[in-house]
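S.K.: From the sequence below, what's the structure:
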Amino acid sequence: MTAMTARLARLQPWGSWFVFGAMVVVASVMFVVVTHTLMSDTGLSDRQAIGLALVQGLALMLAPPLAPLAWACSMTAVVLASVWAGAGLWVDAMTNSYLIVLGAIAVSVPARHAVAYWAGTSAAGTLLAIVRRPDAWLSNLLEVMVLAAVVLVAGAALGGLAAARRRLRDEQAAVQRQRERTALLEERTRIARELHDVVAHHMSVIAIQAEAARYREPQSAPETFAAIRDSARTALGEMRRILGVLRSGDTGAAPQPTLTDVPRLIDSVRAAGTRVDLDTPGDVATVPAGIGLSAYRIVQEALSNAVRHAPGVPVRVRISLQDSDLHIDVRNCFPWEAGRGTGFGHGLAGMRERAELLGGTFTGGPTGDGHFRVAVTLPIRDV
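M.R.: Got it, this is the predicted structure:
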């Protein structure tokens, strides 16, 4: 059930009720047309015609979530129609409905999988042509191979376009969310700076009042201390407002991750299909929270780079404590074609900046043994 849910979740082109309704309409029309054509043109019995048409309609509905099963059902129906009809090699109504199913499959699966369905169509067509028409099997086979190729290419192109549009929408939404967050952070920072100036003013007043108290008459001391008290209370209130501004938006948010959350991060990468080996000698739970957060983000970015530029390539992560330093080592086999891509250095720059802000060191790039390695050393100081 989990695998089925995951497959259904990936079906963005078929995710709306509108498209689902359109599929139902097309399948219904196809059922009626195929049934009528088989009954009138091939001499099949009513039961055979209805059964074959029903299989094709169901195959069309199954194409998005269960492409292999849909293809097998549709191709089986084509072969049975050819055998039962007894005349000719391809029954036109069944061939046309099969091409519709094939197009639906091509839209819903990755483009590279379309080659497998074309090969399956060619193989099934070859066997059927040799058995049914050994005298002219090649010409009959070429016809179905060309038609299948055209349908698959067109379907894959439409599917790729839909996927590109989805990615663009997701990226635009992410950019918009980031802009809103940046604007909020800037506003909070501005307010905090203004309140800081207010607090600084009150602290200056307190200092002046305390200094002047030495030169006042003793009987005026209660008044002086009352003024100092009022200024201190005001400053304390403004300080609380600063903390409230800086902490606003944190309520309900997840705690900041640390090194103890790295195994959960790696599990999510493994779930995406990349093998990751984790080695953590030493007690990383003792690492201070601030350093642990930066270390977590460095590991996260290194894994993101590995998955982005070398998908499916195993990754090894080692996090160790030596003396007063935290060492992070992330490496994987280096795909040389990735080195010619774009955007490769932005993640490295971010990791370098995090490391240097903590007084650490960073190295990242291809090694002499065919790997790509990110090595970070962060000093651990007791504050």
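S.K.: how about the helices in the stretch 101-250 of the chain?
M.R.: Listed in chain order, the helices of the stretch 101-250 of the chain (DSSP state H, counting those that start in this stretch) span residues 111-132, 137-213, 221-247.
S.K.: give me the low-pLDDT residue ranges for the stretch 251-383 of the chain?
M.R.: 251-256, 271-272, 335-346, 381-383 (pLDDT under 70).
S.K.: Break down it into its strands, ranges please.
M.R.: Assigned strands in the stretch 251-383 of the chain, in chain order: 276-279, 315-322, 325-333, 361-366, 371-379 (criterion: DSSP state E, counting those that start in this stretch).
S.K.: of all the ones you listed, which lies closest to residue 130?
M.R.: For the strands of the stretch 251-383 of the chain, distance to residue 130 was read as Cβ to Cβ. The smallest value, 44.3 Å, belongs to strand 325-333. The C-beta positions use only the backbone N, C-alpha and C, and glycine is treated the same way.
S.K.: Just the C-alpha atoms of that closest one, please, in CSV.
M.R.: Extracted in CSV, the C-alpha atoms of strand 325-333 (Å, rounded to 0.1, in the frame of the first residue of the first chain):
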residue,chain,number,x,y,z
ASP,A,325,38.2,19.8,16.9
LEU,A,326,35.1,18.4,15.1
HIS,A,327,36.0,16.7,11.8
ILE,A,328,33.4,16.2,9.0
ASP,A,329,34.3,14.1,6.0
VAL,A,330,31.8,13.5,3.1
ARG,A,331,32.9,11.8,0.0
ASN,A,332,31.4,10.0,-3.0
CYS,A,333,32.6,8.8,-6.5
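S.K.: Measure how buried residue 49 is and give me the count.
M.R.: The number of residues packed around residue 49, counting by other Cβ atoms under 10 Å, is 23.
S.K.: That one is in contact with residue 39, isn't it?
M.R.: Yes - in this structure, residue 49 sits in contact with residue 39. The criterion is Cβ atoms under 8 Å, and the distance is 4.8 Å.
S.K.: Quick one: the strands of the stretch 251-383 of the chain as JSON lines, columns for distance to residue 112 and mean neighbour count too.
M.R.: What follows is the strands of the stretch 251-383 of the chain, written out as JSON lines (distance: least, Cβ to Cβ, whole Å; neighbours: other Cβ atoms under 10 Å):
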{"stretch": "strand 276-279", "distance to residue 112": "24", "mean neighbour count": "14"}
{"stretch": "strand 315-322", "distance to residue 112": "23", "mean neighbour count": "18"}
{"stretch": "strand 325-333", "distance to residue 112": "21", "mean neighbour count": "20"}
{"stretch": "strand 361-366", "distance to residue 112": "27", "mean neighbour count": "15"}
{"stretch": "strand 371-379", "distance to residue 112": "24", "mean neighbour count": "20"}
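S.K.: Tabulate those strands in a markdown table, adding columns for distance to residue 222.
M.R.: Output for the strands of the stretch 251-383 of the chain, formatted as a markdown table (distance: least, Cβ to Cβ, whole Å):
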| stretch | distance to residue 222 |
| --- | --- |
| strand 276-279 | 66 |
| strand 315-322 | 57 |
| strand 325-333 | 55 |
| strand 361-366 | 59 |
| strand 371-379 | 52 |
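S.K.: closest to residue 114 out of these?
M.R.: strand 325-333 (28.2 Å).
S.K.: which other helices and strands contact the closest one?
M.R.: For strand 325-333, the elements it packs on are helix 289-309, strand 315-322, strand 371-379, judged by 3 or more Cβ pairs under 8 Å, 6 or more residues apart in numbering; DSSP states H and E.
S.K.: gap between residue 112 and residue 363?
M.R.: Counting by Cβ to Cβ, to the nearest Å, the separation of residue 112 from residue 363 is 35 Å.
S.K.: ok, now residue 42?
M.R.: The spacing between residue 42 and residue 363, counted by Cβ to Cβ, is 72 Å.
S.K.: do residue 279 as well
M.R.: Where residue 363 is concerned, residue 279 sits at a distance of 19 Å (Cβ to Cβ).
S.K.: same thing with residue 330?
M.R.: Distance of residue 330 to residue 363, computed by Cβ to Cβ: 11 Å.
S.K.: Mutual contacts of the two, please.
M.R.: Each of 373, 374 lies in contact with both residue 330 and residue 363 under the rule Cβ atoms under 8 Å, 6 or more residues apart in numbering.
S.K.: my guess is residue 99 meets residue 144, correct?
M.R.: No - no contact is recorded between residue 99 and residue 144 when judged using Cβ under 8 Å, the distance being 9.1 Å.
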